[in-house]
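Peer 1: Make a model of this:
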Amino acid sequence: MERRRTLLSLITVSVLSATLASICMVTSASGQTFISLVSFDTPDGKTPSNQSLVQGLDGNLYGTTVYGGANGQGEVFKITPGGTLTILYSFCPAAGCADGQNPNGSLILVTGGNLYGTTYGGGAHGGGTVFKITPTGTLTTLYSFCATFGCADGLNPLAGMTLAADGNIYGTTVLGGTGGCGGCHGGGTMFKISLAGKLTTLYSFCTGTCTEGANPANPLTQGTDGNFYTVITGRSGYFNGSAVKLTTTGKSTVIHLFCTTSGCPDGVFPEGPLVLGNDGNFYGTAQAGGAFNQGTVFKMTTTGTVTTIHSFDYETSGNLGANPTSGVVLGSDGNFYGTTYYGGMACVFGCGTVFQLTPAGGLTTLHEFDYTDGSAPYGLVQATFAPLYGVTYASGSNGSSSFGTVFSESDSLPEFARLTIYVGKVGTSIDILGQNFSSAAKVTFGGVSASFTAPSGSYITTKVPAGALTGSVVVTTGAGTFTSDRVFDVTPQLTGISPSSTTVGKLVTLTGVSLTQTSAVTIGGKPASFTVNSDTQVTATVPPGAKTGLSITVKTKGGTASKGPLAIISLITSFSPTSGSVGTSVTINGNTFTGATQVTFGGVAATTFKVVSDTEVTATVPTGAVTGRIAITTNGGTGASSTNFTVN
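Peer 2: Below you'll find the model as predicted:
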């Protein structure tokens with residue numbers, strides 16, 4: 001059931017005002033410019049936590065604070081690139097906090113401009129919520145957790161959610177689910193929720209002794225294979241952390257356990273979102289471990305092989321950070337950018353840093369927080385107009401009277417275009433964020449032009465065009481050319497196969513959409529040779545050993561598509577001897593004999609036969625057999641020899 005709340009407060013606060021203090025600008029010798037845009041006090045928000053900001057269609061940045069706001073229970077805010085803060089919504093305007101309280105995690109932007117997020121607590125059952133909010137501040141509570149006995153649907157979402165290729169949103173809760181035990185609250189859940197608010201619990205994490213860990217508190221990241229990847233942070237003295245792969249149907253596989261060797265060279269207690277690199281690997285951070293036990297940045301394959309590319313060392317000049325907790329982002333220059341929660345020499349307590357990291361592991365410290373500009377920074381986001389933006393959890397221009405900041409870091413990064421979604425089939429609607437789009441003249445997907453409209457200079461709305469290829473999305477304007485920060489994967493579609501039953505060695509015609517970039521075809525579980533005839537047609541040859549009853553799968557640069565099943569009939573190519581009396585043993589050769597249920601001689605079933613292999617069957621000529629064809633029946637149908645067996 002939805003609960004709608006009218007706009008509680010729409011308070012615009014200039015960062016030039018006394019309540020938020022003046023902008024603090026620092027320019028380093030190397031040209032980076034750090035600006036502390038806003039220092040929060042309680043009425044204006046308090047302690048933004050566990051999040052990165054998100055850029056909206058209007059070019060502004062959106063985020064949340066855990067506390068503060070008009071009711072002290074957190075807020076959703078908007079901030080302009082120049083630092084003007086607007087409180088869009090303050091949670092818990094009435095007793096019971098039916099709309100939720102204490103939002104954690106990043107907001108996500110969906111096509112059309114609305115934002116989705118979670119609250120840790122509140123809601124109809126006190127277990128937290130999923131909400132939708134418009135850019136003008138109208139909030140809709142879509143789902144309240146702990147709606148079922150024992151909170152089997154989940155309890156207390158903490159991490160930000162992910163918009164997936166199927167158009168649904170996926171996320172986790174740190175508690176609840178059916179993996180609980182006596183006296184505990186469950187190990188957390190993975191869930192799917194539609195944009196309209198229909199929630200499906202997909203997986204319950206375990207509690208107690210288990211290899212995957214429990215209490216997922218980091219966002220899910222969807223890989224190019226369609227699966228989700230995340231890290232489980234663990235807890236000191238109990239579990240050192242893991243990396244987990246989860247399917248869209250909720251099957252969980254542990255792909256890496258952290259700190260299984262002395263010294264924890266791969267890191268310990270991984271935390272923050274994983275990010276896809278240009279090389280197809282994931283990149284993330286661990287709080288501790290590494291060469292100096294002060295945290296790492298690591299690279300991980302989809303199979304869980306982890307390589308430490310940087311170990312933090314608080315004491316070494318030029319490597320001043322320690323304990324990264326928020327992952328990294330891939331910048332438009334191909335480097336990674338992130339923050340460390342502690343470290344830096346500008347504050348006696350080590351208030352944290354902003355850093356740049358090359359894919360090879362070379363680190364440059366861009367900024368050291370000094371307490372007056374914030375401390376304990378969380379994740380970054382790069383705006384399409386170039387600068388990095390982030391938040392700190394604590395302090396600010398008023399020292400201990402401030403409760404976190406919003407900052408920007410300019411490092412002469414290239415401007416680019418960002419998409420609301422990076423995977424989709426032909427016809428999928430997409431918004432493209434950027435700048436100077438009012439003069440846009442052309443939009444292409446992998447070089448294929450798309451129709452579009454430009455409602456404003458900060459975004460374009462378009463659809464994936466017919467013939468689109470997996471590749472960069474490029475917007476050409478009067479002010480220049482802007483390329484997407486990630487490749488857009490055009491999902492292939494299979495709509496038909498012909499014929500629906502055939503034999504090994506025969507051609508099958510596959511019809512569909514987005515087949516130009518086909519790189520592999522699998523028939524009956526075996527690789528097949530193929531020819532791409534057009535964007536809508538591929539022909540493939542049924543390979544030896546192909547099993548009957550399976551779908552045909554096509555793989556392209558943008559994903560996979562399947563259609564079936566295809567019935568593969570037994571093919572008899574020869575038999576020996578070619579004649580004999582009742583009781584003669586006959587060796588039959590061909591293909592697709594596995595699972596044979598019957599062998600006949602002239603229509604009379606043999607009472608004795610043996611499947612030696614997929615290509616060989618031996619059978620005894622039965623009583624009553626007559627001269628005629630030999631036939632073998634499997635689940636795929638019945639295949640007969642082209643010549644007769646003569647019964648003497």
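Peer 1: Which parts of the chain belong to which domain?
Peer 2: The chain resolves into domains spanning 3-410, 418-489, 492-568, 571-647 when parsed by automatic domain parsing.
Peer 1: these two touch, right, V174 and P216?
Peer 2: Yes: the pair V174 and P216 passes the contact test of C-beta atoms under 8 Å, sitting 6.5 Å apart. The C-beta positions use only the backbone N, C-alpha and C, and glycine is treated the same way.
Peer 1: Please give me every residue in contact with V268.
Peer 2: The contact partners of V268, by C-beta atoms under 8 Å, 6 or more residues apart in numbering, come to 234, 240-241, 258-259, 286-289.
Peer 1: Please, where are all the helices along the protein?
Peer 2: Secondary structure of the chain (DSSP state H): no helices located.
Peer 1: roughly how far apart are the most centrally placed residue in it and A164?
Peer 2: With distances taken as C-alpha atoms, centre = their mean, Q222 lies nearest the centre of the chain, 1.4 Å away. With distances taken as C-beta to C-beta, to the nearest Å, Q222 is found 5 Å from A164.
Peer 1: Likewise for S402?
Peer 2: The gap separating S402 from A164 is 37 Å, by C-beta to C-beta.
Peer 1: what does V542 give?
Peer 2: Distance from V542 to A164, counting by C-beta to C-beta: 34 Å.
Peer 1: Have a look at these two and say which one is more surrounded.
Peer 2: Ranked by neighbour count (other C-beta atoms under 10 Å), V542 and A164 place V542 first, with 25 against 17.
Peer 1: which ones are touching the more buried one?
Peer 2: By C-beta under 8 Å, 6+ apart, V542 lies in contact with 502-508, 523-524, 528, 566, 568.
Peer 1: Check L53 too.
Peer 2: When contacts are counted by C-beta under 8 Å, 6+ apart, L53 is found next to 61-63, 79, 106, 381, 389-391, 406.
Peer 1: 6 Å instead?
Peer 2: 61, 63, 381, 389 (C-beta atoms under 6 Å, 6 or more residues apart in numbering).
Peer 1: The last one: neighbour count?
Peer 2: A count of nearby residues for Y389, using other C-beta under 10 Å, gives 23.
Peer 1: do the same with the first one
Peer 2: Residues lying near L61 (other C-beta under 10 Å) number 24.
Peer 1: The closest residue in space to it that isn't next to it in sequence and L37, how far apart?
Peer 2: Spatial nearest neighbour of L61, excluding adjacent residues (C-beta to C-beta, 6 or more residues apart in numbering): L53 at 4.3 Å. In this view, L53 and L37 are 11 Å apart by C-beta to C-beta.
Peer 1: cool, and L507?
Peer 2: The gap separating L507 from L37 is 63 Å, by C-beta to C-beta.
Peer 1: who has more neighbours, those two?
Peer 2: Neighbours of L507 and L37, each counted by other C-beta under 10 Å, are more numerous for L37; the result is 24 against 14.
Peer 1: So what's the residue count around the residue lying closest to the more buried one once chain neighbours are set aside?
Peer 2: Nearest residue to L37 in three dimensions, chain neighbours excluded: G83, at 3.7 Å (C-beta to C-beta, 6+ apart). Around G83 there are 20 other residues, counting by other C-beta under 10 Å.
Peer 1: same check, this time on T573
Peer 2: Counted with other C-beta under 10 Å, the neighbours of T573 add up to 14.
Peer 1: and C347, what pLDDT?
Peer 2: The model reports C347 with a pLDDT of 86.
Peer 1: hang on, isn't it packed against T372?
Peer 2: No: at 8.9 Å, C347 does not count as touching T372 under the criterion of C-beta atoms under 6 Å.
Peer 1: got any residues that touch both of V174 and P216?
Peer 2: G188.
Peer 1: So for those two, which sits in the more crowded spot?
Peer 2: Neighbour totals were compared for V174 and P216, and P216 leads with 28 against 23 (other C-beta under 10 Å).
Peer 1: For the residue lying closest to that one once chain neighbours are set aside, name its beta-bridge partners.
Peer 2: Computed as C-beta to C-beta, 6+ apart, the closest residue to P216 that is not its neighbour in sequence is T172, at 4.0 Å. For T172, the beta-bridge partners are M190 (DSSP bridges).
Peer 1: which sections of the stretch 301-450 of the chain are below the confidence cut-off?
Peer 2: Within the stretch 301-450 of the chain, the set of residues satisfying pLDDT under 70 comprises 317-318.
Peer 1: how does it look with 50?
Peer 2: Applying pLDDT under 50 to the stretch 301-450 of the chain flags no residue at all.
Peer 1: what do you get for the chain?
Peer 2: Scanning the chain for pLDDT under 50 picks out 1-23, 29, 182-183.
Peer 1: Quick check: I79 touching L85?
Peer 2: Yes: between I79 and L85 there is a contact under C-beta under 6 Å: 5.1 Å.
Peer 1: number of nearby residues for the closest residue to F385 other than its chain neighbours?
Peer 2: Distances taken as C-beta to C-beta, 6+ apart put Q435 closest to F385, at 4.9 Å, once the chain neighbours are dropped. Residues within reach of Q435, counting by other C-beta under 10 Å, total 21.
Peer 1: Distance check, Q435 against G59.
Peer 2: Between Q435 and G59 the computed distance is 7 Å (C-beta to C-beta).
Peer 1: Spit out the residues that contact these two alike.
Peer 2: Joint contacts of Q435 and G59 (C-beta under 6 Å, 6+ apart) do not exist.
Peer 1: ok, and which of the domains of the chain has the densest surroundings?
Peer 2: Counting by mean count of other C-beta atoms under 10 Å, domain 3-410 has the highest mean neighbour count of those, with a mean of 21.
Peer 1: Show me how far it is from its chain's centre.
Peer 2: Offset of domain 3-410 from its chain centre (C-alpha atoms, centre = their mean, to the nearest Å): 15 Å.
Peer 1: contacting residues around T646?
Peer 2: T646 sits next to 579, 627 when contact means C-beta under 6 Å, 6+ apart.
Peer 1: Which of the contacts of L53 sits closest to V617?
Peer 2: Ranked by distance to V617 (C-beta to C-beta), those are led by V381 at 63.2 Å.
Peer 1: partner residues bridging the closest one?
Peer 2: Per DSSP bridges, the residues bridged to V381 are Y389.
Peer 1: how much space is there between it and Y229?
Peer 2: Look at V381 and Y229: by C-beta to C-beta, they are 20 Å apart.
Peer 1: now the strands: where do they sit in the stretch 151-300 of the chain?
Peer 2: For the stretch 151-300 of the chain, the strands defined by DSSP state E, counting those that start in this stretch cover 162-163, 169-173, 189-193, 199-204, 221-222, 228-232, 242-246, 252-257, 268-276, 282-288, 296-300.
Peer 1: Tabulate the CA atom coordinates of the fourth one in CSV.
Peer 2: Think strand 199-204. Only the C-alpha atoms of strand 199-204 are listed here, as CSV (Å, rounded to 0.1, in the frame of the first residue of the first chain):
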residue,chain,number,x,y,z
LEU,A,199,8.4,-6.0,-3.8
THR,A,200,9.7,-9.5,-4.2
THR,A,201,12.2,-11.0,-1.7
LEU,A,202,14.7,-12.9,-3.7
TYR,A,203,17.2,-14.2,-1.2
SER,A,204,17.8,-14.5,2.5
